[in-house]
Each structure stands twice: as C-alpha cells, then as structure tokens.
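K.L.:
Predicted model and sequence follow; I will ask about them next.
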Amino acid sequence: MRVALICMDKAGALQLRLDNRAAHLDYIAATGVVEMAGPFLDAGSMVGSLVVLNVDDLAAAQAWAAGDPYAKAGLFASVDIREWKKVIG
C-alpha cells in the first residue's frame, strides 16, 4: 500500500533540518520503501516534507516515520500519515 507522510517543520527549524539532512537521506536510501520524497518550500526555504512510502500497512509507515532522523531530531511540528492511491504518474 502507498502511504503519504505530510510533515511540517517547527517554525525557525531550518538549521535543525540542515544538520540532519544527510542522515535523513541515508535513511531513505537504506530502507528501500520510499517511492518519492521532497521538501515543501516557502519563499524557497524548506519548511516540511512530503514522503510517499510503499509499505505493507499503516503500522509499517508509522514505524518508518518514527525512525526518520528528522523525527528523532524533533524537526516536525506535525506529521500526518495517510493511505494514498496513485492514479496518475
């Protein structure tokens, strides 16, 4: 199943994001369940993330989200995890 993680950063947390970016990207590469991902932007600055996972169930998506170095560093003000159906693309 596909799951979308919609993660919004805490205000003023750009440096925290930058400090943990390499670990986040390594985690994505190592886990093998991310179909696509990228940051949300506000005036060109990264303020959140959209991550689409292909996992067995919502519990796997929740576990992935909890293990993300960004989450472990306390970057996010909110994380919304939703089942998602790919229709186009």
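P.N.:
Arrived safely, thanks for sending. For clarity, every value in this text was computed on a predicted model and none was experimentally measured.

K.L.:
which residues touch the closest residue to Arg2 other than its chain neighbours?
P.N.:
Distances taken as Cβ to Cβ, 6 or more residues apart in numbering place Trp84 nearest to Arg2, at 4.8 Å, with adjacent residues excluded. Where C-beta positions appear, they are placed from N, C-alpha and C, glycine not excepted. Contact analysis of Trp84 by Cβ atoms under 8 Å, 6 or more residues apart in numbering lists 2-4, 52.

K.L.:
would a markdown table of those with secondary structure, neighbour count and distance to Ala23 be doable?
P.N.:
Shown next, in a markdown table, are the contacts of Trp84 (DSSP: H, G, I helix; E, B strand; the rest coil; neighbours: other Cβ atoms under 10 Å; distance: Cβ to Cβ, whole Å):
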| residue | secondary structure | neighbour count | distance to Ala23 |
| --- | --- | --- | --- |
| Arg2 | strand | 15 | 24 |
| Val3 | strand | 22 | 21 |
| Ala4 | strand | 17 | 22 |
| Val52 | strand | 16 | 20 |
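
K.L.:
which SS class is Ala37?
P.N.:
With DSSP: H, G, I helix; E, B strand; the rest coil as the basis, Ala37 sits in strand.

K.L.:
In which helix or strand does the residue lying closest to it once chain neighbours are set aside reside?
P.N.:
Of all residues not flanking Ala37 in the chain, Val51 sits nearest, at 4.3 Å (Cβ to Cβ, 6+ apart). Secondary structure from DSSP states H and E places Val51 in strand 45-54.
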